[in-house]
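Visitor: one predicted model, sequence on top.
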Amino acid sequence: MATIKRFEDLSVWKLAFDNANLIYELTSKPAFNRDFALRDQIRRAAISVFSNIAEGFERDGNREFVNFLSVAKGSCGEVRAQAMLANRLGYITNDELTFLAERLVQTSHQISGFQKYLRDSQLRGRKFA
């Protein structure tokens, strides 16, 4: 297996980054864009997912990385819950919610798998090399 040297190379980071871009597209619709509280909160939560993956990676230790992944996974759920409210309020369609929710569940599963890998790994991170 190739060694990952940058967080930008992590498939889970790429997926989370793309999810945030999708959130920005959806929240730019006129009705959604006028709900400042929900728009800003769902955007912050989406940003939190890929940001915590990046920050955890840069800490260079598996234990810290697992903690940051936990925060990222929680933010993933937060985005999904807020998307459900946006759907209920008529800001996004059922199809948009389904597409987004599937991507967020996929992201959450990838984060969980990555956490397990890091917990089980004999390597303790770059700072311990």
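Guide: Yep, it's here.
Visitor: which of the residues in stretch 31-49 are buried?
Guide: 32, 35, 38-39, 41-49 (16 or more other CB atoms under 10 Å). Where C-beta positions appear, they are placed from N, C-alpha and C, glycine not excepted.
Visitor: could I get these as CSV with secondary structure?
Guide: Shown next, in CSV, are those (DSSP: H, G, I helix; E, B strand; the rest coil):
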residue, secondary structure
32, helix
35, coil
38, helix
39, helix
41, helix
42, helix
43, helix
44, helix
45, helix
46, helix
47, helix
48, helix
49, helix
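Visitor: mind putting these in a markdown table, distance to residue 78 and pLDDT included?
Guide: Formatted as a markdown table, the buried residues of stretch 31-49 follow (distance: CB to CB, whole Å; pLDDT from 0 to 100):
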| residue | distance to residue 78 | pLDDT |
| --- | --- | --- |
| 32 | 17 | 98 |
| 35 | 16 | 98 |
| 38 | 12 | 98 |
| 39 | 14 | 98 |
| 41 | 8 | 98 |
| 42 | 8 | 98 |
| 43 | 11 | 98 |
| 44 | 9 | 98 |
| 45 | 4 | 98 |
| 46 | 9 | 98 |
| 47 | 11 | 98 |
| 48 | 8 | 98 |
| 49 | 9 | 98 |
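Visitor: residues of stretch 15-26 that come out buried?
Guide: 15, 16, 17, 19, 20, 22, 23, 26.
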